[in-house]
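Asks: Provided below for reference: sequence and predicted model.
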Amino acid sequence: MEKSVIELNPIGVIHTSFDGKEKIPRQGIFGENNDGWAEIFPEYEEGLLGLKDFSHVYFIFNFHKGKGYSLVQVTPHRHKTKGVFAIRSPHRPNALGLTIVRIKNIEGNKIYFSGADMIDGTPLLDIKPYTTDIDCYPDAKSGWLKKTE
């Protein structure tokens, strides 16, 4: 298969109180009290129609401050060597981030949310609604994260 170039254009910008990665929680669920807001660019605002009916959404964003990646990395909290696709590191081949956030309010082209785990100014690439009917697998396994030695 030939490699191809995929061009992604941000639909907005995420604003948080984090000016660097040092204070950001590991995942959004560990920062439920960390509020932020996403400014959706005017040409995409109409796409927010119906989103107020959901309590949570996925934010798909770009790790725009990242500096490369390695296919094998050491996990920061468990100090295990794992492949990049088996961990949630921001140092990834395509620098894509995925976080579930709780919607607090939507006003015009602004989504106010909690669960921020991204740097202020992060480019927002897409939004998808979270629903327990589709996104929750009660029998899902957490792989090496739940294994004890």
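Replies: Yep, that arrived.

Asks: Phe61 contacts Thr99, correct?
Replies: Yes: using CB atoms under 8 Å, Phe61 is in contact with Thr99, at 7.5 Å. All C-beta atoms are positioned from the backbone trio N, CA, C, and that covers glycine.

Asks: pick out whichever of those two has more residues nearby.
Replies: Remark: of Phe61 and Thr99, Phe61 carries more neighbours, 25 against 21, as counted by other CB atoms under 10 Å.

Asks: okay, now the unreliable bits of the chain?
Replies: Scanning the chain for pLDDT under 70 picks out the ranges 20-33, 147-149.

Asks: can you show me the strands along it?
Replies: 12-15, 35-40, 56-62, 72-74, 81-83, 96-107, 110-114, 122-129 (DSSP state E).

Asks: want to throw those into JSON lines with distance to Ser4?
Replies: Formatted as JSON lines, those follow (distance: least, CB to CB, whole Å):
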{"stretch": "strand 12-15", "distance to Ser4": "26"}
{"stretch": "strand 35-40", "distance to Ser4": "28"}
{"stretch": "strand 56-62", "distance to Ser4": "18"}
{"stretch": "strand 72-74", "distance to Ser4": "26"}
{"stretch": "strand 81-83", "distance to Ser4": "23"}
{"stretch": "strand 96-107", "distance to Ser4": "16"}
{"stretch": "strand 110-114", "distance to Ser4": "31"}
{"stretch": "strand 122-129", "distance to Ser4": "18"}
